[in-house]
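Asker: 3D, please:
(chains A and B)
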Amino acid sequence: MMRPIATTRSATGIPTGKLAVWWLIASEIVIFGGVLGGYIMHRLGHPDWAHQAVHTNTWAGAFNTFVLLTSSLAAVLAHQAAEHGDGKKAAKMLYLTVLGGMVFLVVKSLEWSHEIHSGFTITSNTFWSFYYTAAGIHGVHVIVGMIIMLFIASDAAKGKELQRVENVGLYWHFVDIVWIFLFPLLYIAK
Amino acid sequence: MAELSPSVAAPAAVAPAHHGPSYVKIWGILLGLLVVSVVGPMLEIRAVTLVTAFGVALVKAYIVAKYFMHIDVEKRYVPYLLVTMVVLMGLMVAAVSPDVLKHDGHRWENRAAKRAVVKGENAAKAAAHAGAAHH
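Answerer: Numbering: from 1, shown residues only, chains lettered A, B, ... in the order given. Down below sits the predicted model:
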């Protein structure tokens, strides 16, 4: 049976599909790095932002960090199950990862609703512009990861294309790492 | 034309199993570090905050990359590629930071930035006064 080049060609020593994910992550480093680098520079140049940062909810941020770390555990357990050829377990773990993403987004939306109702909108101060932009771009990545994961879980449950479980896991762990840095920058540095 | 590796003919293989500490144990360590990063800054000591919030974030990111992404068993050029991106980003930040961090210098002044700082400080004072009056 013919198989797609993305899963079989390995001119670099890495299957092309996985290599593509590493390239994607490399480009994402620059995207998030630019936003976070810009935020850090402005935060250091604007001591008045500390008065705005006190209004972010540290406990909500900490809970979401817990949720994402746990969803990353589910993603790596899905990879482990795929390695053992257990597509059903891999799918189950991927669905748990998606559940983690959903909990993360629900907490985020509650948090944003409260902040917007308190008058802290994306235009009220440059701190809040960075806050909503950085967390918003990250949130979009969570949503995209969840959608892709649902497709891959559906195939994995039938024992198909199990190598994709690792690929989507790499992306999800990267999204987790971005949040690991966003958390102290937006929620802890008061 | 580039020669294809032997794996072209073989069915797609999932990466081999990685031996090391259990994933649940790694997750437990990450949660422990999360607690440290929340509790440390509560002491309100600048050095402790820097280490527990930002230093611990670096450690957490390293653990996720090493044990969950298995970057240490990946081909060498993958970490090189990622580190190159981080370095390029650092160069960009280093090149731009003098303009952003400093609000004046020899024969120049960033009045808009200075105004923004004063406006922010005044708004915070006004909010504090309003809060005190309310109580």
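
Asker: out of everything not next to it in sequence, what's closest to the residue of chain A found nearest chain B?
Answerer: Distances between chain A and chain B by CB to the nearest CB are smallest at A:D48, namely 2.8 Å. C-beta here means a position set from N, CA and C on the backbone, and glycine is covered the same way. Counting by CB to CB, 6 or more residues apart in numbering or on different chains, the nearest residue to A:D48 once its immediate chain neighbours are dropped is B:G120, at 2.8 Å.

Asker: in chain A, which helix or strand is least confident?
Answerer: When the helices and strands of chain A are scored by mean pLDDT, DSSP states H and E, helix A:5-8 comes last with a mean of 63.

Asker: In contact with A:T133, which residues?
Answerer: With contact taken as CB atoms under 8 Å, 6 or more residues apart in numbering or on different chains, A:T133 is in contact with A:V35, A:I122.

Asker: For A:V107, see how far away it is.
Answerer: Distance, A:T133 to A:V107, using CB to CB, to the nearest Å: 19 Å.

Asker: Please apply the same query to B:R115.
Answerer: For B:R115, the distance to A:V107 equals 36 Å [CB to CB].

Asker: okay, the two: which has more neighbours?
Answerer: A:V107 (16 against 11; other CB atoms under 10 Å in any protein chain shown).

Asker: So the more buried one sits against A:A60, correct?
Answerer: Yes. With contact defined as CB atoms under 8 Å, A:V107 and A:A60 form a contacting pair (5.8 Å).

Asker: what sits in contact with each of those two?
Answerer: Joint contacts of A:V107 and A:A60 (CB under 8 Å, 6+ apart) do not exist.

Asker: Now name the helix or strand holding A:S124.
Answerer: If you go by DSSP states H and E, A:S124 is not part of any helix or strand.

Asker: Contacts only, for it.
Answerer: A:S124 makes contact with no residue, according to CB under 8 Å, 6+ apart.

Asker: Find the residue closest to A:K160 in space, skipping its chain neighbours.
Answerer: Nearest residue to A:K160 in three dimensions, chain neighbours excluded: A:G87, at 7.3 Å (CB to CB, 6+ apart).

Asker: Pull the number of nearby residues for the one you found.
Answerer: As a burial measure, A:G87 scores 21 neighbours (other CB under 10 Å).

Asker: who touches it in this structure?
Answerer: Shown here is A:G87, whose contacts under the criterion CB under 8 Å, 6+ apart are A:A81, A:A156, A:A157, A:K158, A:G159, A:K160, A:L162.
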